[in-house]
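Asks: build me a model:
(2 chains)
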2 protein chains.
Amino acid sequence: MDELLPEPEPLKTLIDALRRLPGVGVRSARRMAYHLLQHDLSGADQLSRALANAVQGLRHCARCNGFSEEEICATCANPKRDPSVLCVVETPADQNMIESSHGYRGLYYVLMGRLAPLEGIGPNELQFDRVIGRATDGQVQEVILATNFTAEGETTAHYLSELLQSQGLKVTRLARGVPAGSELEYVDAGTIAWALMERRST
Amino acid sequence: MDELLPEPEPLKTLIDALRRLPGVGVRSARRMAYHLLQHDLSGADQLSRALANAVQGLRHCARCNGFSEEEICATCANPKRDPSVLCVVETPADQNMIESSHGYRGLYYVLMGRLAPLEGIGPNELQFDRVIGRATDGQVQEVILATNFTAEGETTAHYLSELLQSQGLKVTRLARGVPAGSELEYVDAGTIAWALMERRST
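Replies: Below you'll find the predicted structure:
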C-alpha cells in the first residue's frame, strides 16, 4: 500500500523516520504519524524535542559505558555502592532488571551489545579492552557476568570469562535454574536439565 | 521496572515522549530509546526533524480534510478525478486502501475519526457540516460511505446517510460480503448472513 495517494512530503518523511524505530513497520509508522498529527500535536512536538535533547545531551559514562549526562553516571558516582563487585550486562534494560531485583549493590559495566560475529560485532566493536581496564582498577574483586542466556550471550560470557580470569579476577555467572513461581510442568526441558545439574543442598 | 536506576533526564524524557505513540508501552519505549541512542543516532535526528516539519508544514485540505501541505491537496486538485462521486472514509489509511484497489476514480472526504459518543466524539467534533457543505457543491452526484464495518463505523454511516439523503443526494455504502479469496468454512457467520441477504444474480 505504498505510494498510492500523493502523500504530502512532510508526512512521507515522518512515516519513513518512524520506520527506523525497532519493531515498527510501514503500517504502524503510518498509524503513529496519523495519530500524532490528528490527535496529539503536542506529543509530536514533545517527541521531536526529546529526541534532539537526548542526541545532544547524552553520552556514555566513562566508567560503566551506560548512558549519562555527566562524564561519570550517577550510579558509578554513588559512594554507597560496593566497588569490589562489577556486574557486566548487555544493555541498560538488563541493568534495570537486575536493579529491580534489589539483590545487588555493586557496580555495573554495560556492553551495549553482545558478540555477534555474523553481524560483524566482535571484541573490538564491544571494546573489550575497556571492560578489562574497568575490571582491573584495583578495587574490583569479582566480576559477575550477567549477559543473556542466549547463544550469543553465552558466547560473550565465555569469551569475557577467559579474558578476565587471565587477569587473576574472580569471575562468576548468574545461576541457571527454574524461574521463581513457575510450575515444573510448564518449564522447558533444557531449564530442568540445568536445574538438575546445578542442584544445591538445602 | 520504573524509576530504578537514576536514569539521565534526557533519556527519561525521551522514553516518556515515545510512550505517547499509539501501541507503545514503557518497555517498547525504552527499547526504542536505547536503539536510537546506541545504534541509530542519525535516525533519531531524522525523526526529530521529520516531526517538527510535519507539525509545522501539514494542515488539513480545505476540500477533503486529509493532510496536505497546500490549501487544496494533490488528490482534490487532480483534474483527472471524477468530481461527481465523493467517497467518505474515516482515516487517510482507509483512503489509501481504497486507492490501492484501483477501483475508484472519484474524490474523497476524510472524516479523521468516527462517531464515538462514549469518547465525546459527536457530529460537531467530526464537523459534519463540512461534509454536507462539501457534498452539496453542485458537482457531487453520489456519496459512497466507506466508513468501517464496525459498530461505530456503521453508526457514522447511518447518521451521515440520513443527513446527505435529506439534501437530495444519492448515498451508497460499500458492499458487505465474503472477502475475495476466502473459503466459506473460515468466514464468520455474520459475514455469511450478510452475503446471503445481499446476494445478486449472475
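
Asks: how close does A:Asp137 get to chain B?
Replies: Computed with CB to the nearest CB, to the nearest Å, the distance linking A:Asp137 and chain B is 21 Å. Where you see a C-beta, it was placed from the backbone N, CA and C, and this is true even at glycine.

Asks: check A:Arg176 too.
Replies: 22 Å.

Asks: partners of the longest strand along chain A, with directions?
Replies: Taking DSSP state E as the criterion, chain A has its longest strand at strand A:82-89. Using DSSP bridges, strand A:82-89 pairs in its sheet with strand A:106-110 (parallel), strand A:142-145 (parallel).

Asks: who touches it?
Replies: By CB atoms under 8 Å, 6 or more residues apart in numbering or on different chains, the list of residues contacting strand A:82-89 from outside reads A:95, A:98, A:104-111, A:131, A:134-135, A:139-147, A:160.

Asks: check which helix or strand covers the spatially closest residue to A:Ser161 that is not a sequence neighbour.
Replies: Sequence neighbours aside, A:Val171 is the residue nearest to A:Ser161 in space, at 5.0 Å (criterion: CB to CB, 6 or more residues apart in numbering or on different chains). Secondary structure from DSSP states H and E places A:Val171 in strand A:170-173.

Asks: most packed of the strands paired with strand A:82-89?
Replies: strand A:106-110 (a mean of 23; mean count of other CB atoms under 10 Å in any protein chain shown).

Asks: moving C-terminal from that one, which element do we reach first?
Replies: Using DSSP H and E, the helix or strand that follows strand A:106-110 in sequence is helix A:128-135.

Asks: same list, the strands paired with strand A:82-89, but as JSON lines with distance to B:Ala116 please.
Replies: As requested, those are arranged in JSON lines below (distance: least, CB to CB, whole Å):
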{"stretch": "strand A:106-110", "distance to B:Ala116": "45"}
{"stretch": "strand A:142-145", "distance to B:Ala116": "52"}
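
Asks: which residues does the residue nearest to A:Ser161 bridge with?
Replies: Residues in beta-bridge contact with A:Val171 (DSSP bridges): A:Val143.

Asks: select the longest helix from chain A.
Replies: helix A:41-57 (DSSP state H).

Asks: now do the buried residues in it.
Replies: For helix A:41-57, burial by neighbour count (16 or more other CB atoms under 10 Å in any protein chain shown) applies to A:43-55, A:57.

Asks: hang on, the earlier thing: could I get the strands paired with strand A:82-89 as JSON lines with mean pLDDT?
Replies: Converted to JSON lines, the strands paired with strand A:82-89 look like this (pLDDT from 0 to 100):
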{"stretch": "strand A:106-110", "mean pLDDT": "96"}
{"stretch": "strand A:142-145", "mean pLDDT": "93"}
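
Asks: need the residue closest to the centroid of chain A.
Replies: In chain A, the residue lying closest to the centroid (CA atoms, centre = their mean) is A:Thr91, at 1.0 Å.

Asks: in this structure that residue contacts B:Ala33, no?
Replies: No: with contact defined as CB atoms under 8 Å, A:Thr91 does not count as touching B:Ala33 (11.1 Å).

Asks: who's in contact with A:Val24?
Replies: Per CB under 8 Å, 6+ apart, neighbours of A:Val24: A:Leu18, A:Met32.

Asks: so A:Glu152, which state does it fall into?
Replies: helix (DSSP: H, G, I helix; E, B strand; the rest coil).
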